[in-house]
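Colleague: Pasting the sequence and the predicted model now:
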Amino acid sequence: MKIIALGSPGVGKGTYATEIVQKYGMLHISTGQIFRENIKGGTELGLKAKGYIDAGKLVPDEVTIDLVKDRLGKDDCKNGGFLLDGFPRTIPQAEALSGFCEMDMVINFKADPEVIIQRLSGRRVCKKCGATFHAVNIKPKQEGICDACGGELYQRDDDKPEAIKQRLIVYEEQTAPLIGYYKEKGILKEITINEDFGNYKAEIMGRIFDLIENGTE
Ligand code: AMP
């Protein structure tokens, strides 16, 4: 199965994606995470992407499309399923993707605007493995430390107020049109989740798995 996770920054798609790939044994391909790893490693790709990401803007399509095309061409993607988290984010990216890969399903994750702001401003990410936590909703067992690998948790620069504002504008202008694009293709499913993950994980994931397997929540 090949799934695209769509939705505004801060909607929780990375958190849901992690659970989905675990249940179905799929690969989790997050373009944001690949960029962050490259920035950390000081690679050429990281250097190209950093300025855009810190400013809350999108990395140019050519760079992002090449990155994904290359990743999906690897052997582990040829034989198994995968979930794309954070790609495509523009219509040209979606069109390019359709030229090298046929996707089965697009899930548009939704939440109310105040929930999105609260999720973004409280998000904490592991420096080492990229796992995501939340200062209030998904607390790690030990403050500031990743449950999964013991790495240090930090707040992404692009989760600070000015960048958040910019990212939400970019989402509305460039990414939201993908909802209509995939609706027209007949592969879009939508789900609204306002509950916090820490307290309602089983219920939330039950609804998402039903949506994937039966087409309804
Ligand atoms: P994310 O972790 O998905 O929130 O992505 C973090 C940042 O990486 C975004 O705000 C963009 O600057 C960049 N990025 C991730 N995916 C893409 C994409 N598909 N196209 C362009 N920029 C992207």
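Modeller: Yep, it's here.
Colleague: ok, the residue of the chain found nearest the ligand - contacts?
Modeller: Ranked by CB to the nearest ligand atom, the top residue of the chain for proximity to the ligand is residue 32, at 2.0 Å. C-betas here are computed from N, CA, C, even on glycine. Neighbouring residues of residue 32 by CB atoms under 8 Å, 6 or more residues apart in numbering: 14, 53, 85-86.
Colleague: what would these look like in TSV with distance to the ligand and secondary structure?
Modeller: Formatted as TSV, the contacts of residue 32 follow (distance: CB to the nearest ligand atom, whole Å; DSSP: H, G, I helix; E, B strand; the rest coil):
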residue	distance to the ligand	secondary structure
14	7	helix
53	4	helix
85	7	strand
86	3	coil
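Colleague: wait, which of the residues you listed is closest to residue 126?
Modeller: Taking CB to CB as the measure, residue 126 lies nearest residue 14 of the contacts of residue 32, at 11.9 Å.
Colleague: what about the closest one, how many neighbours?
Modeller: 23 (other CB atoms under 10 Å).
Colleague: Run through the residues that contact it.
Modeller: 30, 32-33, 85-86, 132.
Colleague: Okay, and the residue of the chain closest to the ligand sits in which element?
Modeller: helix 31-41 (DSSP states H and E).
Colleague: With just CA atoms, put that helix into CSV.
Modeller: Once non-C-alpha atoms are left out, helix 31-41 reads as follows in CSV (Å, rounded to 0.1, in the frame of the first residue of the first chain):
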residue,chain,number,x,y,z
THR,A,31,10.8,14.9,3.5
GLY,A,32,11.1,17.3,6.4
GLN,A,33,13.0,14.6,8.4
ILE,A,34,15.3,13.9,5.5
PHE,A,35,16.0,17.6,5.2
ARG,A,36,16.7,17.9,9.0
GLU,A,37,19.1,14.9,8.8
ASN,A,38,21.0,16.5,5.9
ILE,A,39,21.2,19.8,7.8
LYS,A,40,22.6,18.0,10.8
GLY,A,41,25.1,16.2,8.6
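Colleague: in it, what counts as buried?
Modeller: 31-36, 38-39 (16 or more other CB atoms under 10 Å).
Colleague: Please apply the same query to stretch 74-81.
Modeller: Buried-residue list, stretch 74-81, by 16+ other CB under 10 Å: empty.
Colleague: Over to stretch 177-189?
Modeller: Quick answer for stretch 177-189 (16+ other CB under 10 Å): 178-179, 181-182, 188-189.
Colleague: so which of these are also by the ligand?
Modeller: On the criterion CB under 6 Å from any ligand atom, none of the entries of the buried residues of stretch 177-189 sits beside the ligand.
Colleague: about what we covered before: farthest-separated two in the contacts of residue 14?
Modeller: 86 and 132 (12.4 Å).
Colleague: the more surrounded of these two?
Modeller: residue 86 (23 against 20).
Colleague: ok, the more buried one - contacts?
Modeller: With CB under 8 Å, 6+ apart, residue 86 has these contacts: 5, 13-14, 30-33.
Colleague: So what's the residue count around residue 174?
Modeller: Other residues close to residue 174 by other CB under 10 Å number 18.
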